[in-house]
Structures are given as C-alpha cells and as structure tokens.
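K.L.:
fold the following, please.
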Amino acid sequence: MKILTPILAVYFLVLFPTIHIAFSGNRFVYEFWHILYFFLVLAGTLSFKRISLQRLGFNKNNIRKSLAIGALLGALPVVAVIVLDSVVVGTGLSQSELFAGADRRAPDEMGFNVSFAGNIFATLIVPFVDQVFAIGLIVNNLFTKGNTTGRVIVSGGLLYPLLHFKPSIGNLFLGMLSAGLLKATGSIIVPILAHIGFATAEVLIVFNYPRLISVLVFFV
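P.N.:
Residues are numbered from 1 along each chain as shown. Predicted coordinates:
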C-alpha cells in the first residue's frame with residue numbers, strides 16, 4: 001500500500017525527532033505520542049476510506065472463534081502471574097536476596113500511572129490502538145500476503161520493537177506472537193485480546209505482585 005510510506009516517513013523522520021527534542025520534559029507526550037499518532041492515522045484513513053476494516057484485520061468470519069481464542073490467550077499471562085507468585089512464595093524464594101525490598105517498590109516511582117483511569121487506558125485503549133496500527137495496518141498490509149507464517153512472525157517481531165523504539169525481549173516476543181496470531185487466524189481480534197492480557201498482567205505485577213519484577217525484569 002502506497003499510503004504506508006508517508007505514514008511511516010512522518011512517524012520516523014518528523015515526529016520522532018521532534019518529540020524527543022521539543023517534548024522530552026513532558027512525560028505524557030513523551031510516553032504516549034505514538035499512540036495518539038496511531039489513532040489519528042487510523043481515524044483518518046478510515047474516514048477518507050483509504051483503507052477498510054477488513055484490511056485492518058477485522059474479519060467478519062468466525063468472530064466467536066476469534067473472541068474465544070483471544071480471551072483464552074489473554075487469560076494465560078494473568079493466570080501465569082498468579083501461579084508464578086504462588087510458586088515463589090510456596091518455595092520460600094520470596095525470602096531470598098533476589099526479592100529483598102520488593103514490597104517497597106512504588107508504582108509511581110517506576111513510571112506507572114496509579115489512577116484507575118490511567119490503568120484502564122494502559123490495559124484497554126493502548127493495546128487496541130497499538131495492535132490495530134502496528135499489526136493490523138502495517139504488518140497485515142506489508143508482510144502477510146505471499147509470505148510464509150515464519151517470515152510474517154519474524155517480520156512482526158522485528159518491526160514491533162522498532163515502531164515503539166523499545167528493543168526488548170518482551171516487545172520482540174509480543175510482536176512475533178501478534179503477527180503469528182494474525183497470520184494464523186486472519187483476525188486482529190485475537191492479538192488485541194492477547195495484548196490486553198499481557199498489559200493486565202503487567203499492571204498486576206506492578207501493583208499486586210511487585211516481587212515478580214525481579215524475575216521478569218529482562219522481559220520488559
């Protein structure tokens with residue numbers, strides 16, 4: 001799609017340097033400018049009919065199946081957090097030096113919004129907009145057609161951290177998982193719900209299970 005070239009050019013060549021030069025002191029703008037841009041691009045392209053919902057991965061077929069798969073995958077990281085914390089406590093590892101001082105970690109000092117509205121935004125709005133833009137618009141229209149599942153997964157895994165300027169194992173994994181789910185199911189609903197699950201698990205770790213930060217620090 002030709003429209004993707006100017007969208008990505010403005011994002012990388014104009015907005016990225018501008019935000020980091022002019023708004024580096026504004027925490028909200030610095031942290032969420034890309035989500036605002038993603039939203040505006042999606043709203044604009046849909047409004048002017050430059051792209052359809054189907055091209056974004058909103059497949060009308062097997063919606064119930066997509067919702068079921070996505071809900072299951074979204075629940076897995078939440079359940080995993082609870083189980084992992086139980087294992088840490090049950091085995092006595094919570095008393096080791098690795099987890100020393102975990103309960104004294106303050107979410108606001110780690111850069112997390114402590115308000116209810118902020119957490120809703122981070123666990124619902126951000127994953128939805130993020131997945132529809134990065135996976136539904138970019139990956140779906142650049143890589144899925146004519147490529148094998150393996151190539152789509154690798155491409156999504158590499159592109160996702162690049163779009164967020166955060167090269168981490170967590171972003172690499174989320175990008176690969178999201179691209180693979182879109183390729184396998186043909187629906188953006190599945191990766192959206194999976195992303196919501198991971199975002200919810202992150203909030204649970206920070207606010208309810210801070211000791212797990214010591215274990216999962218390399219994945220964020």
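
K.L.:
look up phi and psi at S52.
P.N.:
Backbone torsions of S52, given as degrees, to the nearest 10, read phi -100, psi 160.

K.L.:
likewise the one 4 residues further on?
P.N.:
Note on L56: its backbone torsions stand at phi -90, psi 0 [degrees, to the nearest 10].

K.L.:
just for the protein, where's the confidence low?
P.N.:
Applying pLDDT under 70 to the chain picks out residues 1, 98-114, 217-220.

K.L.:
in three-state terms, label K60 for me.
P.N.:
Following DSSP: H, G, I helix; E, B strand; the rest coil, K60 is assigned to coil.

K.L.:
for it, give its distance to G44.
P.N.:
23 Å (Cβ to Cβ, to the nearest Å). In this view, the C-beta of every residue, glycine as well, is placed from N, C-alpha and C.

K.L.:
which one's more surrounded, those two?
P.N.:
Neighbours were counted for K60 and for G44 using other Cβ atoms under 10 Å; G44 has more, 13 against 8.

K.L.:
ok, now which ones touch N208?
P.N.:
N208 is in contact with no residue at all, counting by Cβ atoms under 8 Å, 6 or more residues apart in numbering.

K.L.:
domains of the chain?
P.N.:
Split into domains by automatic domain parsing, the chain comes to 1-51, 56-219.

K.L.:
now stretch 20-36: buried residues?
P.N.:
For stretch 20-36, burial by neighbour count (16 or more other Cβ atoms under 10 Å) applies to 32-35.

K.L.:
stretch 46-63 now?
P.N.:
By 16+ other Cβ under 10 Å, the buried positions in stretch 46-63 come out as 51, 56-59.
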